[in-house]
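J.: Coordinates for the following, if possible.
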Amino acid sequence: MPAETLPRMNLAECEAFLLREFPQIALGKRFALEAVGPMTARMRLLAHERDLRPGGTISGPAMFALADVTLYAAILAQIGPVALAVTTNLNINFLSKPPPGDLVCDCKLLKLGKRLAVGEVFLHAPGLDDPVAHATGTYSIPPR
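T.: The predicted structure is shown next:
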């Protein structure tokens, strides 16, 4: 594997960075970072009653937040601790109604340049084969 695709931060380093620099996401309470790898990340929404919408399904805003923070984690793992990388675009398609409970989000970076990163995420309900949502997003990476 080419060195440029190897992550600069491992799982523990990403978790420590997020806890220190971005406590608003409530890592360990609302989200759990499960894995980072070459151009990838996996995160879990630790679903709570506040994440449900009428009808007993996970809300769109909760799924959107999961997609966004998973993309952020994948980028951080690759480029290292850059707190000011920011979302410039995120498009999400809700594909099916997830049951109440945790959701898992898998992200793959499609492009990682000096100024922009583009990624794709799939959200799944554990135990279900088909994704419940799909998103693509772009982040702006500040100059070093």
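J.: Every contact and neighbour count from this point should use C-alpha atoms.
T.: Will do.
J.: any weak-confidence spans in the protein?
T.: Along the chain, the parts satisfying pLDDT under 70 run over 1-4.
J.: So which residues of it form helices?
T.: In the chain, helices defined by DSSP state H lie at 11-21, 60-79, listed in chain order.
J.: CSV for the ones you listed, including mean neighbour count and distance to Arg53?
T.: Formatted as CSV, the entries for the helices of the chain read as follows, by neighbours: other C-alpha atoms under 10 Å; distance: least, C-alpha to C-alpha, whole Å:
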stretch, mean neighbour count, distance to Arg53
helix 11-21, 16, 27
helix 60-79, 24, 8
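J.: Format those as TSV; extra columns: distance to Asn93.
T.: Compiled in TSV, those are given as follows (distance: least, C-alpha to C-alpha, whole Å):
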stretch	distance to Asn93
helix 11-21	26
helix 60-79	10
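J.: burial of the closest residue in space to Thr40 that isn't next to it in sequence, as a residue count?
T.: Taking C-alpha to C-alpha, 6 or more residues apart in numbering as the measure, Thr40 lies nearest to Lys108, with 4.6 Å between them; neighbours along the chain are not counted. Neighbouring residues of Lys108 were enumerated by other C-alpha atoms under 10 Å; the total is 21.
J.: Same check on the one 3 residues further on?
T.: Around Lys111 there are 13 other residues, counting by other C-alpha under 10 Å.
J.: Nearest to Asn91 among the helices of the chain would be which one?
T.: If you check each of the helices of the chain against Asn91 by C-alpha to C-alpha, helix 60-79 wins as the nearest, at 8.8 Å.
J.: isn't Ala125 right next to Asp106, touching?
T.: No: taking C-alpha atoms under 8 Å as the contact criterion, Ala125 and Asp106 are not neighbours in contact, 11.4 Å apart.
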